[in-house]
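Engineer: here are the coordinates; sequence isn't available:
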């Protein structure tokens, strides 16, 4: 059939597996340390960045809606959801805005800028995925706060899951900075 | 390289004679000496996950050597699988469930067989 086909380079353009959540990543070099992985996750990781649009045609007589020249972006709503199956002080600090004294996490009654963190998702990409020259897809989220609340779900004869709903935020210090970036780099043949 | 040749090349990369089960000699004289590897695979196209299996055949007192080879294959496949190029695209080979299972031989208690489950997705149009 003429139109039941896939691009010839499909195998070079796939993002494979769940990827990892990390606090640091160097997209220029692809440098990554497994020690930087925040925690093991389970199930799907879901990222969304939805532009909240303003239709300036609203209220204008005779103006059709969704006219591109009159559309503006108000802000980007940026979210990453999933669940950790490992937990330590770092993960808890990310899931629960809190103060920590002697291992006791006391939830914060007021938010501080220190509760907002930097977050990377990095996943394998392309047909070359080795440690040296492997390709990657990466998403950099700024000023992330877990807006889903602290959640724990246990299971009989299973592993506890800590669900999260991270939301990226703008900052007064740079109000035009969109709080996410996407990186895509194909793997390169080894040298 | 055809899909079958790609899988054969992968199976032969572990330092053992690798023979497709469908082509395993019926005549014992023609069979490879222990240890060796036999494999079986299904073939399909993009969007379909198919089973691939291999068996490690050792003749020894214990399981040390066959366990070590199984660990080598486990490390090679890793958590995310391996991606191999073939005609029309590539083959993504991943761990199956369970990954490995010890088996014996009812006629010879010296034969140690390790059955390994993999899955493959052929990133090809056909």
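Structural biologist: Now that the structure is in, tell me what you want to look at. Quantities reported herein were computed from a predicted structural model and do not represent experimental measurements.
Engineer: right, and the helix or strand after the helix or strand hosting residue A:137?
Structural biologist: Secondary structure assigned from DSSP states H and E places residue A:137 in strand A:135-146. With elements assigned by DSSP H and E, the helix or strand that comes after strand A:135-146 is strand A:162-167.
Engineer: which other helices and strands does that next one contact?
Structural biologist: Under the contact definition 3 or more Cβ pairs under 8 Å, 6 or more residues apart in numbering or on different chains; DSSP states H and E, strand A:162-167 sits against strand A:71-84, helix A:89-95, strand A:135-146. Where C-beta positions appear, they are placed from N, C-alpha and C, glycine not excepted.
Engineer: any idea of the mean pLDDT for that strand?
Structural biologist: Average pLDDT, strand A:162-167: 98.
Engineer: got it, and stretch B:116-125?
Structural biologist: pLDDT averaged over stretch B:116-125 gives 96.
Engineer: got the residues of chain B near chain A?
Structural biologist: For chain B, the residues in contact with chain A (Cβ under 8 Å from any Cβ of the partner chain) are B:46, B:79-81, B:83, B:85, B:88-90, B:92, B:123-125.
Engineer: neighbouring contacts of the lowest-mean-pLDDT helix or strand in chain A?
Structural biologist: Counting by mean pLDDT, DSSP states H and E, chain A has its least confident helix or strand at strand A:98-101, which shows a mean of 88. With contacts defined as Cβ atoms under 8 Å, 6 or more residues apart in numbering or on different chains, strand A:98-101 is touched by A:89, A:92-93, A:105-108.
Engineer: PyMOL command to pick out the buried ones of the residues you listed?
Structural biologist: Restricted to buried positions by 16 or more other Cβ atoms under 10 Å in any protein chain shown, the PyMOL selection for the contacts of strand A:98-101 reads:
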select buried, chain A and resi 92+93+105
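Engineer: just the contacts of strand A:98-101 that are near chain B?
Structural biologist: Checked against chain B using Cβ under 8 Å from any Cβ, these yield no neighbours at all.
Engineer: give me the most central residue, chain B.
Structural biologist: Closest to where the C-alpha atoms of chain B average out (Cα atoms, centre = their mean) is residue B:54, at 2.8 Å.
Engineer: surely it touches residue B:116?
Structural biologist: Yes. Assessed by Cβ atoms under 8 Å, residue B:54 is found in contact with residue B:116 at 5.0 Å.
Engineer: now for the two: what residues contact both?
Structural biologist: Joint contacts of residue B:54 and residue B:116 (Cβ under 8 Å, 6+ apart) are residue B:73.
Engineer: residue ranges with poor pLDDT in chain B?
Structural biologist: Along chain B, no part satisfies pLDDT under 70.
Engineer: pull the longest strand from it.
Structural biologist: Once chain B is assigned using DSSP state E, the strand that runs over the most residues is strand B:89-103.
Engineer: and the strand holding residue A:137, anywhere near chain B?
Structural biologist: No. If you take Cβ under 8 Å from any Cβ as the test, strand A:135-146 misses chain B, and the best it gets is 10.6 Å.
Engineer: and that strand, how far out from the chain's middle?
Structural biologist: 4 Å (Cα atoms, centre = their mean, to the nearest Å).
Engineer: for it, packing partners?
Structural biologist: Using 3+ Cβ pairs under 8 Å, 6+ apart, strand A:135-146 is in contact with strand A:71-84, helix A:89-95, strand A:117-125, strand A:162-167, strand A:180-185.
Engineer: tabulate the ones you listed (JSON lines), appending distance to residue A:15.
Structural biologist: Formatted as JSON lines, the helices and strands packed on strand A:135-146 follow (distance: least, Cβ to Cβ, whole Å):
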{"stretch": "strand A:71-84", "distance to residue A:15": "15"}
{"stretch": "helix A:89-95", "distance to residue A:15": "24"}
{"stretch": "strand A:117-125", "distance to residue A:15": "5"}
{"stretch": "strand A:162-167", "distance to residue A:15": "19"}
{"stretch": "strand A:180-185", "distance to residue A:15": "9"}
